[in-house]
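Undergrad: 3D model of this:
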Amino acid sequence: MKTTIHRSETRGHADHGWLNTYHTFSFANYHDPERMGFGVLRVLNDDEVSAGMGFATHGHSNMEIISIPLEGDLEHKDSMGNTTVIKQGDVQVMSAGSGIQHSEKNKNSDKKVKFLQIWVLPNKANAEPRYDQISLKEADLANRFHQIVSPHSDDSGVWIHQNAWFHLGNFEKGRTGSYRFKDASNGLYVFVLEGELTVDEVNLGRRDGLGVWDTDTVDFTFKEASKVLLMEVPMAN
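TA: Next comes the predicted model:
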């Protein structure tokens with residue numbers, strides 16, 4: 001087994017006033033040649049947007065973009081005609097493909113919105129742009145890893161153009177768990193949203209990240225009540 005660890009305090013940080021953001025991997029003005037991603041996982045941003053503010057309309061192409069709200073309400077608009085609001089418990093995917101314009105704004109004028117912005121390199125270039133979202137039930141995440149992203153449109157969750165699987169789980173203190181890779185050639189990136197846990201004897205805390213590869217199973221022990229995001233991705237595109 002091989003691992004790489006990214007402690008919360010080592011992430012890139014930018015405070016633009018309306019946007020307070022932390023970058024696990026190189027993004028915008030934060031550049032670290034040793035932190036250019038984990039396999040095809042290119043961006044993992046931990047964003048907090050002030051009331052009534054947001055990202056104005058801008059374009060993307062050939063990127064799979066997943067948004068996971070952690071608090072508040074995020075309004076999405078795009079050039080395909082979609083206007084939606086996602087909140088905690090929802091997962092949004094946008095396949096930018098051959099090109100798409102979109103905006104993401106805090107729907108509320110009286111509170112912040114917090115969300116994860118995740119970019120994955122696709123395995124298909126210039127695909128037709130696509131948007132989708134799902135709503136999760138708390139019971140689905142209780143003491144288990146629940147699939148939220150996959151490569152297949154007929155699986156649970158949303159799907160992307162990549163041989164990747166994402167899972168979310170909420171675990172009680174003292175619980176244990178394991179994750180078995182869908183594809184043994186992939187790597188797994190563990191991101192701790194809340195809590196404290198060990199991953200094969202590596203201690204992780206809130207907003208720590210751990211990449212694991214060259215193995216087929218990863219074991220977890222939850223030292224505190226924890227919320228964890230798992231991202232299984234190819235190590236090369």
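
Undergrad: the strand or helix carrying Val85 pairs with which strands, parallel or anti?
TA: Per DSSP states H and E, Val85 falls inside strand 83-87. Sheet pairing of strand 83-87 (DSSP bridges) gives strand 73-78 (antiparallel).

Undergrad: what's in contact with the strand it pairs with?
TA: 49, 54, 57, 67, 82-87, 92, 94, 100-108, 113, 115, 129, 131 (Cβ atoms under 8 Å, 6 or more residues apart in numbering). C-beta coordinates here come from the backbone N, C-alpha and C atoms, glycine included.

Undergrad: drop anything exposed from those residues.
TA: Among the contacts of strand 73-78, those classed as buried by 16 or more other Cβ atoms under 10 Å are 49, 54, 67, 86, 92, 94, 100, 102, 104-108, 113, 115, 129, 131.

Undergrad: about what we covered before: for the strand holding Val85, list the C-alpha coordinates in PDB.
TA: Only the C-alpha atoms of strand 83-87 are listed here, as PDB (Å, rounded to 0.1, in the frame of the first residue of the first chain):
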ATOM      1  CA  THR A  83     -32.000  26.700 -12.900                       C
ATOM      2  CA  THR A  84     -31.900  24.700  -9.600                       C
ATOM      3  CA  VAL A  85     -31.100  25.100  -5.900                       C
ATOM      4  CA  ILE A  86     -29.000  22.500  -4.100                       C
ATOM      5  CA  LYS A  87     -28.700  22.300  -0.300                       C
END
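
Undergrad: quick check: mean pLDDT across that strand?
TA: The average of the pLDDT scores along strand 83-87 is 94.
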